[in-house]
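Peer 1: Mind folding the following:
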Amino acid sequence: MKIGFAEEYTSNIVLDKELTLNSKTGIVLNSGVHPYITVDNLLQFLPFNEIVFKEYENGTIYNKYSESRSRKDIVSDEGLLYQCLSDGTTGIKPNTDESKWMLTNKESIILKSWIEKVKDKVISDLYLSKRLINSQYIYENGENKRHLPNDYSGWVFESKGSDYVTITINEISLQSTSTTPVNLYVIHEGRLVDILVLNPDNGKLYFEPINYSFSGRGKWVFVIESQEVLTNFGWVDELKYDGFVCYPVTGIGNSVESARYTYQNVSNGFGFNVSVTLESDNYLKYNLQNFNGFIKACFEYMTLQMFLSNSHQRSNRAENERNKDMLLMETKDLEANTSAKRYFHELKEAKKIISKTFDTQLSDESGFEVEITSV
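Peer 2: Here you go, the predicted structure:
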């Protein structure tokens with residue numbers, strides 16, 4: 001779902017097609033909010049320095065601006081501005097392919113930047129930004145030599161309770177009885193996606209930093225070619241941890257991708273330091289429509305605060321500040337039906353939505369509810 005503005009005829013500026021919406025096509029930020037909030041007023045207060053964009057270069061690789069948020073993915077060509085719509089775009093002039101480039105203007109780009117700030121506040125206020133769900137060391141200090149069975153041995157990691165998480169393996173220990181570097185193959189749904197290198201220390205419980213992050217539905221398999229390790233054959237409870245499931249596997253096959261892997265319930269010489277965090281971008285992407293009220297309330301609240309403070313020091317601004325008392329009340333008073341009160345009400349309702357989602361790891365289980373009143 002897109003976020004943008006409905007045509008309101010307060011300005012002669014024509015916004016690009018990515019920002020021009022109606023209530024049926026996305027979240028319309030200038031509809032159903034405070035009457036001070038118009039496109040013209042926004043453009044009077046948002047920064048508008050002499051922004052210069054580079055000319056299009058035929059040999060340069062451009063990426064999707066809405067994802068990269070990089071200025072280099074906006075180009076000037078024959079006096080017009082274009083926004084890149086697709087990663088890896090190169091050798092395609094902006095005015096020749098509408099699937100790769102979109103005609104835009106400075107005003108649209110500035111408004112998009114403000115929307116991104118609103119989205120950042122939404123993520124932060126909903127406690128969705130890099131929330132740590134779990135962090136665990138999983139290991140045993142192996143003492144018995146054992147040659148691991150079959151062709152491959154390793155562990156499987158899967159998300160639990162919510163697919164909207166990122167799993168990070170911070171460190172790995174492999175108690176191999178040699179000092180020869182070992183390839184660790186990373187497989188996702190039958191596809192080899194990476195090869196990492198482990199450096200065992202002759203059976204010692206040595207954790208080396210890996211810092212490998214992954215997300216996505218299904219199983220992530222981390223395996224090595226079977227070899228001799230130190231282990232105590234400890235029992236593994238794969239359902240023990242919040243946010244993820246993990247368990248040992250053994251595989252038979254001609255390659256790591258095609259091997260058939262079988263679940264095991266005893267340790268095999270591996271140790272892990274694992275962290276699981278909430279992947280807020282994907283959660284908002286697929287649930288944005290459920291937070292329509294809060295996003296609009298947050299946009300209204302932040303915009304009126306900007307009008308009040310003139311934080312970008314626009315000397316040529318419209319005289320919206322002539323009623324500072326009204327703006328002060330709208331952003332401070334929590335007793336009347338003000339922007340501030342609506343914002344905190346919608347924040348509370350948005351948290352209720354999160355607590356009801358099937359993604360149990362997203363719920364707020366702090367046990368505390370803060371009531372905010374005006375002073």
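Peer 1: in the lowest-mean-pLDDT helix or strand in the chain, what counts as buried?
Peer 2: For the chain, the helix or strand with the lowest mean confidence is helix 280-287, at a mean of 78 (criterion: mean pLDDT, DSSP states H and E). Judged by neighbour count using 16 or more other Cβ atoms under 10 Å, the buried positions of helix 280-287 are 280, 283-284, 287. No exception for glycine: its C-beta is placed from N, CA and C like everyone else's.
Peer 1: Does anything pack onto it? Which helices or strands?
Peer 2: Helices and strands touching helix 280-287, by 3 or more Cβ pairs under 8 Å, 6 or more residues apart in numbering; DSSP states H and E, are helix 106-125.
Peer 1: The protein: helices as residue ranges?
Peer 2: Taking DSSP state H as the criterion, the chain carries its helices at 39-45, 65-68, 106-125, 280-287, 292-309, 324-332, 339-356.
Peer 1: Pull up the gap between Ser162 and Val221, please.
Peer 2: 20 Å (Cβ to Cβ, to the nearest Å).
Peer 1: quick one, which of these two is more surrounded?
Peer 2: Set side by side, Ser162 and Val221 show more neighbours around Val221, with 25 against 20, by other Cβ atoms under 10 Å.
Peer 1: where does the stretch 101-250 of the chain have low pLDDT?
Peer 2: 129 (pLDDT under 70).
Peer 1: tally of neighbours for Glu55?
Peer 2: The number of residues packed near Glu55 is 9, by other Cβ under 10 Å.
Peer 1: Which residues are in contact with the nearest residue to it once chain neighbours are set aside?
Peer 2: For Glu55, ignoring the flanking residues on the chain, the nearest one in space by Cβ to Cβ, 6 or more residues apart in numbering is Ser76 at 5.3 Å. Remark: with contacts taken as Cβ atoms under 8 Å, 6 or more residues apart in numbering, Ser76 is in contact with 53-56, 82.
Peer 1: May I have the predicted confidence score for Ser76?
Peer 2: On pLDDT, Ser76 comes in at 95.
Peer 1: could you measure it against Thr331, distance?
Peer 2: For Ser76, the distance to Thr331 equals 38 Å [Cβ to Cβ].
Peer 1: picking that back up, next, format the buried residues of helix 280-287 as CSV and append distance to Lys341.
Peer 2: CSV is the format used below for these (distance: Cβ to Cβ, whole Å):
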residue, distance to Lys341
Ser280, 26
Tyr283, 27
Leu284, 24
Asn287, 25
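Peer 1: My read is that Lys204 contacts Leu174, right?
Peer 2: No - applying Cβ atoms under 8 Å as the test, Lys204 and Leu174 come out as separate, 10.1 Å apart.
Peer 1: which residues touch the closest residue to Lys204 other than its chain neighbours?
Peer 2: Distance criterion Cβ to Cβ, 6+ apart; nearest residue to Lys204, sequence neighbours excluded, is Gln175 at 7.1 Å. Counting by Cβ under 8 Å, 6+ apart, Gln175 touches 142, 200, 203-205, 229-231, 269-271.
Peer 1: Drop anything exposed from those residues.
Peer 2: Buried members of the contacts of Gln175, scored by 16+ other Cβ under 10 Å, are 142, 200, 203, 229-231, 269-271.
Peer 1: what about Leu184, how many neighbours?
Peer 2: Quick note: Leu184 (other Cβ under 10 Å) scores 20 neighbours.
Peer 1: Report the contact partners of Tyr206.
Peer 2: 173, 200.
Peer 1: now swap in the one 10 residues further on and tell me
Peer 2: Taking Cβ under 8 Å, 6+ apart as the contact definition, Gly216 lies against 163, 188.
Peer 1: Please tell me which one of the contacts of Ser76 counts the most neighbours.
Peer 2: Comparing those by number of neighbours (other Cβ under 10 Å), Tyr82 comes first, having 24 neighbours.
Peer 1: Could you check how far it is from Ile115?
Peer 2: For Tyr82, the distance to Ile115 equals 19 Å [Cβ to Cβ].
Peer 1: before we move on, what about Val276?
Peer 2: The value you get for Val276 to Ile115, if Cβ to Cβ is used, is 29 Å.
Peer 1: Looking at those two, which has the bigger crowd around it?
Peer 2: Set side by side, Val276 and Ile115 show more neighbours around Val276, with 26 against 19, by other Cβ under 10 Å.
Peer 1: Grab the nearest non-local neighbour of that one.
Peer 2: Gly243 (3.7 Å).
Peer 1: That neighbour contacts Glu158, correct?
Peer 2: No - if you go by Cβ under 8 Å, Gly243 and Glu158 don't touch, sitting 10.3 Å apart.
Peer 1: Of these two, which one has the most company?
Peer 2: Gly243 (23 against 16).
Peer 1: Spit out the contact partners of that one.
Peer 2: Counting by Cβ under 8 Å, 6+ apart, Gly243 touches 133-134, 159-162, 165, 167, 276, 361.
Peer 1: ok, 6 Å please
Peer 2: Counting by Cβ atoms under 6 Å, 6 or more residues apart in numbering, Gly243 touches 133-134, 165, 276, 361.
Peer 1: Same check on Lys296?
Peer 2: By Cβ under 6 Å, 6+ apart, the contact set of Lys296 is Val33.
Peer 1: Show me which residues of stretch 143-150 are buried.
Peer 2: Within stretch 143-150, the residues scored as buried using 16+ other Cβ under 10 Å are 146, 148.
Peer 1: Mind listing residues that contact stretch 20-33?
Peer 2: For stretch 20-33, the surrounding residues in contact (Cβ under 6 Å, 6+ apart) are 1-6, 37, 292, 295-296, 299-300.
Peer 1: so for that stretch, what's the average pLDDT?
Peer 2: The pLDDT scores in stretch 20-33 average 85.
Peer 1: What is the distance between it and the centre of its chain?
Peer 2: Relative to the centre of its chain, stretch 20-33 is centred 24 Å away, using Cα atoms, centre = their mean, to the nearest Å.
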